[in-house]
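Engineer: A structural model of the following input is requested.
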Amino acid sequence: MTIYQTLLGEDYKRLHPKLQQRYALPLNQTFSAKGVMHSIQSGAKWMRPFYIVAAKFKFLFPESGKDVPFTISNICRQLPNGELEVKWERTFFMSKKTRHFDARMTVDPVKKVVKDYLGSPALFYSDLLFSVTREGKLVIRSGAQRFVMSKLECKIPKMLEGHVIVEEGYDDSKNVFTIHVYIHNPLLGRLMMYAGEFTQKSL
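Structural biologist: Below you'll find the predicted structure:
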């Protein structure tokens with residue numbers, strides 16, 4: 001049983017069957033997919049220096065675009081301490097740059113949150129709360145966050161946190177996975193938004 005099944009428990013069975021397959025993630029087997037982000041929107045132009053630094057850590061990036069090809073890869077592996085971790089690698093083929101958005105996720109079964117380290121190497125940490133909608137979509141919302149500098153982690157003040165909402169579903173009429181991600185801050189506004197669809201690569 002992988003981390004998402006552990007976290008959601010019986011609610012996992014309420015996910016669309018295709019999402020259940022997607023998030024089953026057998027140990028050491030990779031889920032690979034490709035698709036198109038119909039829209040990618042970055043934040044304000046004056047924040048470009050922050051995005052340039054974040055991009056070096058394979059996190060956020062300054063470019064926006066439409067109909068951007070992308071790939072996604074997930075693999076579940078066992079850490080030396082026996083804990084299961086899911087590695088996320090998202091690659092966006094922008095018109096002039098190839099950008100990345102990486103993450104590593106483990107589960108805290110006591111707090112019932114996913115522990116998400118964002119970037120390679122990690123630049124930010126966030127608790128993630130998972131839920132399932134009536135339609136069988138997966139919704140992810142962010143919780144407490146920390147700034148990461150090597151082994152040092154510092155709590156981020158509430159007003160500086162990036163609030164994340166992710167909705168992933170499956171469109172039976174088109175036979176594609178759908179994804180919508182919105183990251184915003186109460187003071188700074190939108191930090192990143194992307195929305196699109198993807199299909200699993202043939203094994």
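
Engineer: what stretches of the chain score poorly on pLDDT?
Structural biologist: The chain contains residues with pLDDT under 70 at 1, 203.

Engineer: Please enumerate the strands of this protein.
Structural biologist: Ranges of strands in the chain, per DSSP state E, are 30-42, 65-78, 84-93, 98-108, 113-118, 124-132, 138-149, 152-155, 163-171, 176-185, 189-200.

Engineer: Ok, which of those comes nearest K18?
Structural biologist: Judged by Cβ to Cβ, the one of the strands of the chain that comes nearest to K18 is strand 163-171, at 4.2 Å. All C-beta atoms are positioned from the backbone trio N, CA, C, and that covers glycine.

Engineer: could you give the angle of that closest one to strand 176-185?
Structural biologist: Strand 163-171 and strand 176-185 meet at an angle of 170 degrees, taking axes from the mean of the first three to the mean of the last three Cα atoms, to 10 degrees as the criterion.

Engineer: With just CA atoms, put strand 163-171 into PDB.
Structural biologist: C-alpha atoms of strand 163-171 as PDB (Å, rounded to 0.1, in the frame of the first residue of the first chain):
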ATOM      1  CA  HIS A 163      -1.600  28.600  -0.600                       C
ATOM      2  CA  VAL A 164      -1.900  25.700  -2.900                       C
ATOM      3  CA  ILE A 165      -5.100  24.100  -4.400                       C
ATOM      4  CA  VAL A 166      -4.700  21.200  -6.800                       C
ATOM      5  CA  GLU A 167      -7.500  19.400  -8.500                       C
ATOM      6  CA  GLU A 168      -6.900  16.200 -10.500                       C
ATOM      7  CA  GLY A 169      -9.600  14.300 -12.300                       C
ATOM      8  CA  TYR A 170     -10.300  12.100 -15.300                       C
ATOM      9  CA  ASP A 171     -12.300  13.000 -18.400                       C
END
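
Engineer: Just checking: what are the partner strands of it?
Structural biologist: Here strand 163-171 is paired, per DSSP bridges, with strand 138-149 (antiparallel), strand 176-185 (antiparallel).
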